[in-house]
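**Student:** I'd like to go over a predicted model; first the sequence, then the structure.
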Amino acid sequence: MTDTPNQTAASGAIPGDGQGRFALLNARLVDPASNYDGPGGVVVEDGVIRDRGAHVTDDAVSGQPSLDCSGWVLAPGLIDARVFVGEPGAEHRETLASASAAAAAGGVTTIVVMPDTDPVIDDMALVDFLIRRARDTALVHVEPCAALTNGLQGREMTEIGLLKKAGAIAFTDGRNTIADTLLMRRILAYARDFDALVMHHTQDPYLSAAGVMHEGEFASRIGLPGIPPAAETIVLDRDVRLLELTRTRYHAAQISCAEALKTIAAAKEKGLPVTAGVSINHLTLNENDVGTYRTFCKLSPPLRSEDDRLAMVEGLADGRIDVIVSNHDPQDVTDKRQPFEMAADGAVGVETMLVAALRLYHGGAMDLLPLLRPMTEGPAKLLGLDRGQLTQGARADIVLFDPDAPWVLDRDDLKSLAKNTPFDESLFQGRVMRTFVSGKTVYAYREKSAA
């Protein structure tokens, strides 16, 4: 049994199979790039959006292949700016192929992959390998980040200029924080000369070394050592001070606490080239979700207090936070089925980023237009990508989703090779029905057959 929009075909063409011209009709169009939220349709031809708006109706495209979208939301394909994969070196956890399949199922049409692989992506040949490998195996667009320091060791900077020329879209040490302040200043100054984007994980490695979850009353009650918010703000405050010297494009990869949000807001008021991301986990979960030592909720940075979560939602709503990421970090069962203090950090999330975000919409915290902006137009602007929009002439990267469909997540159904999701057995309201990349269907929802 299928649960997809009604479709009609002409001349044997199947809408969304990459052939010629087709239309998506009777949808609710939500395009943050043009601030449009209303009824309409989209015409796609040769992988490009040729027309869109309320005037694209059944009569206007009579005789052309089309999909009746049944009033569901039609939006730009999402861009996830923080995705970890295992390829090369740890393909048992995740490959580019499996990560891209998970992305497609989640309505994500571009993933930005971190350099935390084996070997580390700190060499031009490895950037080229990743681009070629993605071209051969991935269903969605894959953009590689290169390391800021050789081997992610935090000792010597990489050849940022050459790595950018090879195709690196941004630079980061992934899960690692650069503790050496002088080195960080030199990196920022060097990156500025190449107009390179620095994306930094802001968590002091010394202050957080002994902790495993948010420092607070709940951690004390269950007997786990905590990580204070100061571990995040100390690094962020330092980086902002350095930006006053270098004026480099800087992105705090993911903030998690109210004090960090104040630092970001103050930096923006000074006119510094600062942006910030937040993970979907820190928008929808808090420290209490750790519950009875649930290792799938052991993350970096840790899940914070409910007050911090609400601050993140407020910062997203008023524009102080620019990007939502999944922080997709697959870990295998041997690394997660451990005592909480010994378990690896990380959770898969690229497949659930959109549906988890819809909790904010259904809860009344945000409307769809501002909610989708930091997953489409926001990361596109940050990374200089010609995506994340439904305008004429744009690449036809599109997600079609039913915002009201109820369902319960079973981690065994995830496309990721790893299944370490904090949302296992969670009830969601909203489901991705179809995902297009350059006009080609890369995912279409199919209901399970009755047993």
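**Tutor:** That came in fine, so what should we check first?

**Student:** switch to C-alpha atoms for all contacts and neighbour counts from now on
**Tutor:** Fine.

**Student:** Check the burial of residue 167 by counting its neighbours.
**Tutor:** When counting by other CA atoms under 10 Å, one arrives at 17 neighbours for residue 167.

**Student:** Please read the previous query as pertaining to residue 273.
**Tutor:** Residue 273 has 15 nearby residues by other CA under 10 Å.

**Student:** Enumerate every residue touching it.
**Tutor:** Residues in contact with residue 273 (CA atoms under 8 Å, 6 or more residues apart in numbering) are 247, 248, 249, 250.

**Student:** is it true that residue 155 touches residue 183?
**Tutor:** Yes: assessed by CA atoms under 8 Å, residue 155 is found in contact with residue 183 at 7.4 Å.

**Student:** And the contacts of residue 273, which is closest to residue 191?
**Tutor:** Of all the contacts of residue 273, residue 191 sits closest to residue 248, with 6.9 Å by CA to CA.

**Student:** In three-state terms, label the closest one for me.
**Tutor:** The three-state label given to residue 248 by DSSP: H, G, I helix; E, B strand; the rest coil is coil.

**Student:** phi, psi of it?
**Tutor:** Main-chain dihedrals, residue 248, degrees, to the nearest 10: phi -90, psi 150.

**Student:** Need the three-state assignment for residue 338.
**Tutor:** The assignment at residue 338 comes out as coil when based on three-state DSSP.

**Student:** show me the contacts for the residue nearest to it when sequence neighbours are not counted.
**Tutor:** For residue 338, ignoring the flanking residues on the chain, the nearest one in space by CA to CA, 6 or more residues apart in numbering is residue 295 at 7.6 Å. Neighbouring residues of residue 295 by CA under 8 Å, 6+ apart: 336, 337, 338, 339, 340, 343.

**Student:** Just the closest of these to residue 371, please.
**Tutor:** Nearest member of these to residue 371, counting by CA to CA, is residue 336, at 31.1 Å.

**Student:** For that closest one, list the residues it contacts.
**Tutor:** Counting by CA under 8 Å, 6+ apart, residue 336 has contacts 295, 296, 343, 344, 420.

**Student:** most surrounded residue in the residues you listed?
**Tutor:** Neighbour max across the contacts of residue 336 (other CA under 10 Å) = residue 420, 27 neighbours.

**Student:** Thought residue 331 was touching that residue, still the case?
**Tutor:** Yes: counting by CA under 8 Å, residue 420 does reach residue 331; the two are 6.5 Å apart.

**Student:** which parts of stretch 107-118 are buried?
**Tutor:** By neighbour count with 16 or more other CA atoms under 10 Å, stretch 107-118 contains the buried residues 107, 108, 109, 110, 111, 112, 113, 114, 115, 116, 117.

**Student:** Next, give phi and psi for the fourth one.
**Tutor:** It stands for residue 110. Reported as degrees, to the nearest 10, the phi and psi values for residue 110 are phi -140, psi 130.

**Student:** quick one: it from residue 317, how far?
**Tutor:** Look at residue 110 and residue 317: by CA to CA, to the nearest Å, they are 23 Å apart.

**Student:** chain center to stretch 202-217: distance?
**Tutor:** Mean-position distance between stretch 202-217 and its chain equals 24 Å (CA atoms, centre = their mean, to the nearest Å).

**Student:** err, stretch 314-329, not the other one
**Tutor:** Centroid separation between stretch 314-329 and its chain, computed with CA atoms, centre = their mean, is 9 Å.

**Student:** what's in contact with it?
**Tutor:** By CA under 8 Å, 6+ apart, the surrounding residues in contact with stretch 314-329 are 80-85, 254, 261, 264-265, 275-281, 312, 346-350, 352-353, 365-366, 370-371, 374-375, 378-379.

**Student:** Is the residue nearest the centre of the chain in a helix, a strand, or coil?
**Tutor:** Nearest to the mean C-alpha position of the chain, by CA atoms, centre = their mean, lies residue 80 at 2.5 Å. Each residue gets one of three states, and residue 80 gets strand by three-state DSSP.

**Student:** Might you report the residue contacts of residue 35?
**Tutor:** Here residue 35 is in contact with residue 369 (CA under 8 Å, 6+ apart).

**Student:** Is residue 430 in a helix, a strand, or coil?
**Tutor:** Three-state call for residue 430 (three-state DSSP): strand.

**Student:** so what pLDDT did the residue nearest to it when sequence neighbours are not counted get?
**Tutor:** Among residues not flanking residue 430 along the chain, residue 403 sits closest, at 4.0 Å (CA to CA, 6+ apart). Looking at residue 403, its pLDDT is 98.

**Student:** buried ones in the helix or strand hosting residue 403?
**Tutor:** Using DSSP states H and E, residue 403 falls within strand 398-408. Buried residues in strand 398-408, defined by neighbour count with 16+ other CA under 10 Å: 398, 399, 400, 401, 402, 403.

**Student:** Ends of stretch 186-204, what's the gap?
**Tutor:** With CA to CA, one end of stretch 186-204 sits 19 Å from the other.

**Student:** what does it rub up against?
**Tutor:** 148, 157, 160-161, 164, 169-177, 179, 231-236, 242-243, 246-255, 301, 383.

**Student:** Go again with 7 Å.
**Tutor:** Outside of stretch 186-204, the residues within contact range by CA atoms under 7 Å, 6 or more residues apart in numbering are 157, 160-161, 170-177, 231-232, 235-236, 246, 248-254.

**Student:** All set now, cheers.
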